[in-house]
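Asks: Have a look at this prediction, sequence included:
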Amino acid sequence: MDNSLSISIINPSVKRAFIITYAPKTSRVFCSYHQMFIYIYSDNLKLQIKDNLYIVQSGELCYVPPGRTFRIITGSHACSVAIICFNFKENYSYEYELSSSEDYDKSKKTEPEYNFSNIGYFKEILRVKNRENIKNLITTICTSDPLDKIHLNLSAKGYFCLLLDELFKVQKKGVIEVKSYVYSQSVTRAIDYITKNISMSDMSLRDIANAAGTYSPNHFGHIFKEITSKTPIEYLTESRIQKSALLLKKNWDMGIEEIAYTCGFNNPKYFSTKFKKQIGVCPKEYRSLNLIK
């Protein structure tokens, strides 16, 4: 597979994203059927992937291919890391911590269709020090609130697409092009605007483009889709549905129509149709299923 592979084709799916601090002199063994990014915030640690042992410093990003057992070893100081688990297609997979360095039966699992190691983009250690935009994107992804164990906040996926876009450019050219960086920052502004104004029922493509910068709506629509694989309006609609799912699950005192209006839908019937198309069940059934849990 050549380097023309685009984010929209591989369709990334964020499974888990979190920040954790490991105590000094910690040794933990993990196994994951996901692909993983491990970003080092502070101090340094040793990362053992199979027979390779790396010393990873603050500001560096590690890539762990799917189906690998790896060990995290901290030194004399605590170490904060961000961990992002992801795939490039929807398939059942999970990660767990091992009590020892035992491996698992690979013959029983299927790897994701795409991973960075077999398409030649990333090696196991990425040198991305002093790139604040990459650090900020990772932090944003890891601090997004998950809706439940199945659906991760859509904004996290959007930011993850931006992260991949930046990493592709770093890996291919060694530097971030100014034009590409500006485009990514514009999409970030657009996502922030959508998130903060989700209840604005008359939000238009022009509104989103204006929030992003000095772009025409059509031009920005192409930029946004190139980076996130969705049009701004598709992203807006899916964000509203994900927000409504959270309210249905957490705010039992709110009626379904009230939730629809709160999330920017003027028509409760249209809201119900869109909700079922994206989530798989109607809002009422979704709430009932979560009530049973």
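Replies: That came through, no problem. Not measured: the values here are computed from a predicted model. Residues are numbered from 1 along each chain as shown.

Asks: Double-check that residue 265 belongs to a strand.
Replies: No: assigned with DSSP: H, G, I helix; E, B strand; the rest coil, residue 265 falls outside any strand and is coil.

Asks: Next one, pLDDT for it please.
Replies: Per-residue pLDDT puts residue 265 at 95.

Asks: tell me the contacts of it?
Replies: 201, 240, 244, 271, 274 (CB atoms under 8 Å, 6 or more residues apart in numbering). C-beta coordinates here come from the backbone N, C-alpha and C atoms, glycine included.

Asks: Sort out which one of those lies nearest residue 37 for me.
Replies: Of all the contacts of residue 265, residue 240 has the smallest distance to residue 37: 28.3 Å, by CB to CB.

Asks: Look up the closest residue to the closest one, ignoring the ones flanking it.
Replies: For residue 240, ignoring the flanking residues on the chain, the nearest one in space by CB to CB, 6 or more residues apart in numbering is residue 263 at 4.4 Å.

Asks: Quick check: the one you found touching residue 201?
Replies: No: checked against CB atoms under 8 Å, the pair residue 263 and residue 201 is beyond contact range at 9.0 Å.

Asks: So which of these two has more stuff around it?
Replies: residue 263 (22 against 13; other CB atoms under 10 Å).

Asks: quick one, what contacts the more buried one?
Replies: Counting by CB under 8 Å, 6+ apart, residue 263 has contacts 198-199, 240-241, 243-244, 247, 271.

Asks: what does residue 266 give?
Replies: Residues near residue 266 by CB under 8 Å, 6+ apart: residue 201.

Asks: SS state for residue 160?
Replies: helix.

Asks: repeat for residue 239
Replies: Residue 239 ends up helix, using three-state DSSP.

Asks: What's the local residue count around it?
Replies: Neighbour tally, residue 239, other CB under 10 Å: 21.

Asks: Next, work out how far apart it and residue 216 are.
Replies: Residue 239 is 23 Å from residue 216, where distance means CB to CB, to the nearest Å.

Asks: likewise residue 274?
Replies: 27 Å.

Asks: higher neighbour count, those two?
Replies: Neighbours of residue 274 and residue 216, each counted by other CB under 10 Å, are more numerous for residue 274; the result is 19 against 11.

Asks: list the contacts for residue 55?
Replies: 44-46.

Asks: Verify the stated contact: residue 65 with residue 33.
Replies: No: using CB under 8 Å, residue 65 is not in contact with residue 33; the gap is 10.6 Å.

Asks: all strands of this protein, in order?
Replies: Along the chain, counting by DSSP state E, strands occupy 13-22, 27-32, 35-40, 44-49, 52-57, 61-64, 68-74, 79-87, 95-98, 125-126.
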